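Engineer: Task: produce atomic coordinates for the following.
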Amino acid sequence: MALVEVKVPDIGDFDEVAVIELLVKVGDTVKAEQSLITVESDKASMEIPSSTAGVVKELKVALGDKVKEGSLVVVLEAQGAAAPAAAAPAAPAVSAAAASSAAPTPAPVASAAPVAAATGSIEIHVPDIGDFKDVAVIEVFVKPGDAIKVEQSLITVESDKASMEIPSSAAGVLKELKVKVGDTVNIGDLLAVLEGAVAATAAASTAVASSAAASVATSAPSAANLVAPSASASAPSAVAAVATPAHAPGSAPVGLPHASPSVRKFARELGVPLDEVKGNGPKGRITQDDVQAFTKAVMSGAAQTKAQAAKAPAGAADGAGLGLIPWPKVDFAKFGPIERKEMGRIKKISGANLLRNAVMIPAVTNHDDADITDLEAFRVSTNKENEKSGVKVTMLAFLIKACVAALKKYPEFNSSLDGDALVYKNYWHIGFAADTPNGLMVPVIRDCDKKGVLQISQEMSELAKKARDGKLGPAEMSGATFTISSLGGIGGKYFTPIINAPEVAILGVCKSTMEPVWDGKQFVPRLMLPLSLTWDHRVIDGAAAARFNAFLGQILSDFRRLLL
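Structural biologist: A predicted model of the protein is given here:
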C-alpha cells in the first residue's frame, strides 16, 4: 500500500475558492472520480473528485478554508499497485477535461446556454407564491427610474401567516410601478413595467443548470470557465461516479446546504433559510423549485420556519424553555365583549427581539438629570437664524453629538459581545427610536462623528418621515452602535429602555422640565433633561455607567466642551 496525495486540479482562472462541503471523512473508502469536497466561487460551485481509489488517511482541508490549484485535499492509502500511477496523470486528465468540456456536448451546453435577451417593455407579475388571495403590499423598495437587476426585490407582501419579498424576474429600468403600500395583490397581478435589455424569466432556472456527471451548477454564462474535473472521465467512469453518490442525502449535513450560488442568491432574496429546505435535485441538491415550494408552504401556513417558531407571540409560548409555568389560557369572551386583532408585522418582529434582549441581557439602568438651560436657548436662536433653510434643529440632534463624545471617551459603550471577546467599533452610528403608525422603528444615522448638528437634524427628519410612510429600508435600520429612545415630545420622567442587541447600552430621554436648582446661594429655575441609561452588566460596571452619565450631562450643560 502507498500513500497518495490528492490535490486540487486545474479549475480554471479562479484563485482561492471556498470549501463549502466535506463529502468524506478519515477512514472512508473512496473510488476513483468520487467527489471529496465541494468548492464555491462567486460564480459557481463544483465538486473536486479523487484521482485515485483508496482509504482516506488524512483530510487536509476544513469547512471555510480557501483552496486553489495544487492545494492538498486528502492523503489516501491507495489500493493496488496501480495506485501511484493513477495519481500521476491527474493533471493531464484535468487538462483533458478542460478541452473536452470546451467541446459542444449536448446536455451541459443546453443547460448552461445564455438566456436570450430581449428589448422593449417587460411586464413583471406576481409569481406563484402559494394558494392565497389579496395579500397586502407592506413595503416598496424601488421607484420609477431605478435600474433593476434580475432577482432584485421590488416589494414586500404579507399574508396572515408570513411576509416575503417579491423579486424582479428581469433586468432593466423601472418605467412604471403599478402598486403602492397598502394595495392588495394576487398571483399574476402586474407589479411593474421595465424598459431596456432584460433577461427572460427563465434566467434563474437556467443558472441552476447541473451536469449529472460533473455535478457543477453555474449561476451565469461566464461561469463556464469553471470546469469540473469529473467531466474529464470517460462515459463509463462518469456513470460509475454517479452510481456511487459522494454523500447520502438523508444523512446529517456536513457543511452548508447543497445548492448552487444562483439558488443561494434566490433564497436570500426571498428570505428563505436554505438549511430548512429539503433538496430534491441530484444527490440532495436544493433547486430553485425546492425554494419556491418551501416559500408557498410558509406563505400558506402549511409550514413554519425555525425563526417564525422562535418569534411566536408570548401568549403562544409555554415558557418551558425558561423553566416557567405555562402561559395562562383564558376565554376572555366569557367576561364580556371582546375584539381580536392580529399584531402587525413590525410589532411581531420587534416584540420577539425585545423579549430575547430583556431575558438574556443582565441590564441595569442609571437615572440622572442634565441641565440644558443654555443649550435650549442656543437651539432656539439657531432655529431662528436658519428659518429660511427649512432645517429645524431638535434637542435630539445635540444629544446625538454629545453621545458620540461620551462614546469616544468610554469606548466600551460602543462595543459588542462576541463570545468571550469584546468588539470595539471605530465608527459611531446612532439609532433613534421613531414612533410610527405601524409600531416602533429605529432608523440609523451613520458616521455621526463626521456630521454637524444641522446635517444630523436634516437626516433625522428625512429618516423619521420615511419610517412613518413605511418606506424605511432594512439597510437604514441596521449597523447602529448605540441607540437613543426619546419620549421628549410626549412626557414622563424616567423609564427603563431595553437594550437593542448586539449593542450594549441604550439612552432613554424624557421631557425636559423647569425645576428649582440650588446654585449655592439660592434656588434658580433651570431646564432639566431626565436621562435613563440602560447598560449590559456583562460589559459595563456601575462606576463606568455613572461616569458616562456625568460626562454626558457636562457636555449638555456646556456644549463648548466638545471643542476641547
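
Engineer: From G64, how far out is the spatially closest residue to Q458 that is not a sequence neighbour?
Structural biologist: Among residues not flanking Q458 along the chain, V391 sits closest, at 5.0 Å (C-beta to C-beta, 6 or more residues apart in numbering). (Glycine included, C-beta is placed from N, CA and C.) V391 sits at a distance of 48 Å from G64 (criterion: C-beta to C-beta, to the nearest Å).

Engineer: Same check on V137?
Structural biologist: V137 sits 39 Å away from G64, going by C-beta to C-beta.

Engineer: out of the two, which sits in the busier spot?
Structural biologist: V137 (21 against 10; other C-beta atoms under 10 Å).

Engineer: Each with direction, which strands does the strand or helix carrying V6 pair with?
Structural biologist: Per DSSP states H and E, V6 falls inside strand 2-7. Applying DSSP bridges to the sheet, strand 2-7 is found paired with strand 72-78 (antiparallel).

Engineer: Buried residues of the strand it pairs with, list them for me.
Structural biologist: Neighbour-count burial for strand 72-78, counted by 16 or more other C-beta atoms under 10 Å, picks out V73, V74, V75, L76, A78.

Engineer: list the contacts for the second one?
Structural biologist: Going by C-beta atoms under 8 Å, 6 or more residues apart in numbering, V74 touches E5, V6, V24, L36, S50, V56, K57, E58, L59, K60.

Engineer: if we go to 7 Å?
Structural biologist: Going by C-beta atoms under 7 Å, 6 or more residues apart in numbering, V74 touches V6, L36, V56, E58, L59, K60.

Engineer: Likewise for the third one?
Structural biologist: When contacts are counted by C-beta under 7 Å, 6+ apart, V75 touches L3, E5, K57, E58, K60.

Engineer: Quick check: bridge partners of the first one?
Structural biologist: When bridges are taken as DSSP bridges, the partners of L3 come out as E77.

Engineer: correct me, but it touches E77?
Structural biologist: Yes. If you go by C-beta atoms under 7 Å, L3 and E77 touch, sitting 6.0 Å apart.

Engineer: Identify the contacts common to the two.
Structural biologist: K57.

Engineer: Spell out the secondary structure type for the closest residue to N357 other than its chain neighbours.
Structural biologist: The shortest distance from N357 to any non-neighbouring residue, by C-beta to C-beta, 6+ apart, is to A501 (4.9 Å). Three-state call for A501 (DSSP: H, G, I helix; E, B strand; the rest coil): coil.

Engineer: Kindly report the same for Y427.
Structural biologist: Y427 - assigned by three-state DSSP - is coil.

Engineer: Ramachandran coordinates for it?
Structural biologist: phi -140, psi 160 (degrees, to the nearest 10).

Engineer: Equivalent analysis for E139, please.
Structural biologist: When read as degrees, to the nearest 10, the backbone of E139 gives phi -150, psi 140.

Engineer: all helices for the protein, in order.
Structural biologist: Here the chain has its helices, by DSSP state H, at 83-87, 90-102, 106-112, 203-207, 235-243, 261-270, 288-300, 306-310, 345-360, 373-385, 395-409, 453-468, 542-557.

Engineer: worst average pLDDT in those helices?
Structural biologist: When those are ranked by mean pLDDT, helix 235-243 comes last with a mean of 35.

Engineer: and the longest strand anywhere in the chain, what's its mean pLDDT?
Structural biologist: Criterion DSSP state E: the longest strand present in the chain is strand 523-536. Computed over strand 523-536, the mean pLDDT rounds to 97.

Engineer: Please spell out which residues along it are buried.
Structural biologist: Buried residues in strand 523-536 (16+ other C-beta under 10 Å): R526, L527, M528, L529, P530, L531, S532, L533, T534, W535, D536.

Engineer: Enumerate the beta-bridge partners assigned to the second one.
Structural biologist: The residues paired with L527 through beta bridges, assigned by DSSP bridges, are M514.

Engineer: That one and S512, how far apart?
Structural biologist: L527 sits 5 Å away from S512, going by C-beta to C-beta.

Engineer: Quickly list what's touching both of those two.
Structural biologist: With C-beta under 7 Å, 6+ apart, L527 and S512 have common neighbours I372.
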